[in-house]
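In: pasting the sequence and the predicted model now:
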Amino acid sequence: SQTIHQWPATLVQPVGSPLSLECTVEGTSNPNLYWYRQAAGRGLQLLFYSVGIGQISSEVPQNLSASRPQDRQFILSSKKLLLSDSGFYLCAWSAILPNTEAFFGQGTRLTVV
Amino acid sequence: GENVEQHPSTLSVQEGDSAVIKCTYSDSASNYFPWYKQELGKRPQLIIDIRSNVGEKKDQRIAVTLNKTAKHFSLHITETQPEDSAVYFCAASTNNNDMRFGAGTRLTVKP
């Protein structure tokens, strides 16, 4: 069966520090991969999605970036965190076929102080 | 890009009553419309979805309707129960797999 792992679960980082959140998927090949941010009391904002290695689509201009160095690995990064980067970050995957269910990781609660 | 709007942001109903959540989308190329339920402290999980070639789909107490012409779709929960209390998200996706979500509806079912 397929599983998705996202870590860490919680993270407290100072303003200006770098960020690296990692997400890996097991049990499937060529998944679509997503990074979403969920601000308190708000919806799921699509940040990045990838349909293949090295293929990243960015939805919102910001100081975050994403990379997909391997087929089932998706990394969210920042060189310098801002206070406004605080939030709940969710990684998700879906099968390569268009329009199938997305499965979410457990999420990372990031607090920038 | 696609813009998904969801209403209401909060909804409170009495146990046994029905709940309706509505969403609109902007991209006419969107053809997949899932609904997710997020319980407190948990990850969102799919509860039902509908594709653009279907106008209505039902699964026990939940149903979704889609109006492609008007670009809106709705979630209907009948005979609500306290365990239905959660945040519900609608989403829309094109063949590019760019799944975008609405802002969410916090549903509270009062016993």
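Out: Arrived safely, thanks for sending. Numbers count the residues shown, from 1 in each chain, chains lettered A, B, ... in the order given.
In: from now on I want contacts and neighbour counts done on CA atoms only, so please keep to that.
Out: Will do.
In: please name the bridge partners of B:P34.
Out: Beta bridges link B:P34 to B:D49, judged by DSSP bridges.
In: okay, it: pLDDT?
Out: According to the prediction, B:P34 has pLDDT 96.
In: and stretch A:94-110, how far apart are its ends?
Out: 24 Å (CA to CA, to the nearest Å).
In: how about the contacts made by A:S94?
Out: Counting by CA atoms under 8 Å, 6 or more residues apart in numbering or on different chains, A:S94 touches A:31-33, A:100-103.
In: quick one: which of those is most hemmed in?
Out: In terms of neighbour count, A:L33 stands highest of these at 31 neighbours, by other CA atoms under 10 Å in any protein chain shown.
In: next, the buried residues of stretch A:91-100.
Out: A:91-96, A:98-100 (16 or more other CA atoms under 10 Å in any protein chain shown).
In: now the residue lying closest to A:P98 once chain neighbours are set aside: how far from B:E39?
Out: Excluding the flanking residues, the one nearest A:P98 by CA to CA, 6 or more residues apart in numbering or on different chains is B:N95, at 5.2 Å. Separation of B:N95 from B:E39 (CA to CA) stands at 28 Å.
In: higher neighbour count, the two?
Out: Legend: neighbour count by other CA under 10 Å for B:N95 and B:E39, higher for B:E39 (16 against 13).
In: quick check: that one touching B:P82?
Out: No - at 11.8 Å, B:E39 does not count as touching B:P82 under the criterion of CA atoms under 8 Å.
In: can you find the helix or strand of chain B with the lowest average pLDDT?
Out: The weakest-scoring helix or strand in chain B, judged by mean pLDDT, DSSP states H and E, is strand B:100-101 (a mean of 92).
In: might one say that A:Q2 is in contact with A:G27?
Out: Yes - contact criterion CA under 8 Å: A:Q2 and A:G27 qualify, at 4.3 Å.
In: quick one on the thing from earlier: run through the contacts of A:S94 and flag the ones next to chain B.
Out: The subset of the contacts of A:S94 within reach of chain B, counting by CA under 8 Å from any CA of the partner chain, consists of A:32, A:101-103.
In: let me have the residues you listed in a markdown table, adding distance to A:L110 as columns.
Out: Below are the ones next to chain B among the contacts of A:S94 laid out as a markdown table (distance: CA to CA, whole Å):
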| residue | distance to A:L110 |
| --- | --- |
| A:N32 | 24 |
| A:E101 | 26 |
| A:A102 | 22 |
| A:F103 | 20 |
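In: which one of those is nearest B:G16?
Out: In terms of CA to CA, no member of these lies closer to B:G16 than A:E101, at 28.9 Å.
In: about what we covered before: so among the ones next to chain B among the contacts of A:S94, where is pLDDT lowest?
Out: At the low end of pLDDT for the ones next to chain B among the contacts of A:S94 is A:E101, which has 90.
In: wait, that residue sits on B:L46?
Out: Yes - A:E101 lies in contact with B:L46 (CA under 8 Å); the separation is 6.9 Å.
In: which neighbours do the two have in common?
Out: In contact with both A:E101 and B:L46: B:P34, using CA under 8 Å, 6+ apart.
In: give me the phi and psi for A:S84.
Out: Backbone torsions of A:S84, given as degrees, to the nearest 10, read phi -70, psi -10.
In: tell me the contacts of the closest residue to chain B within chain A?
Out: Closest to chain B within chain A is A:G43: 3.6 Å, counting by CA to the nearest CA. The contact partners of A:G43, by CA under 8 Å, 6+ apart, come to B:89, B:101-104.
In: with that, I have no additional questions.
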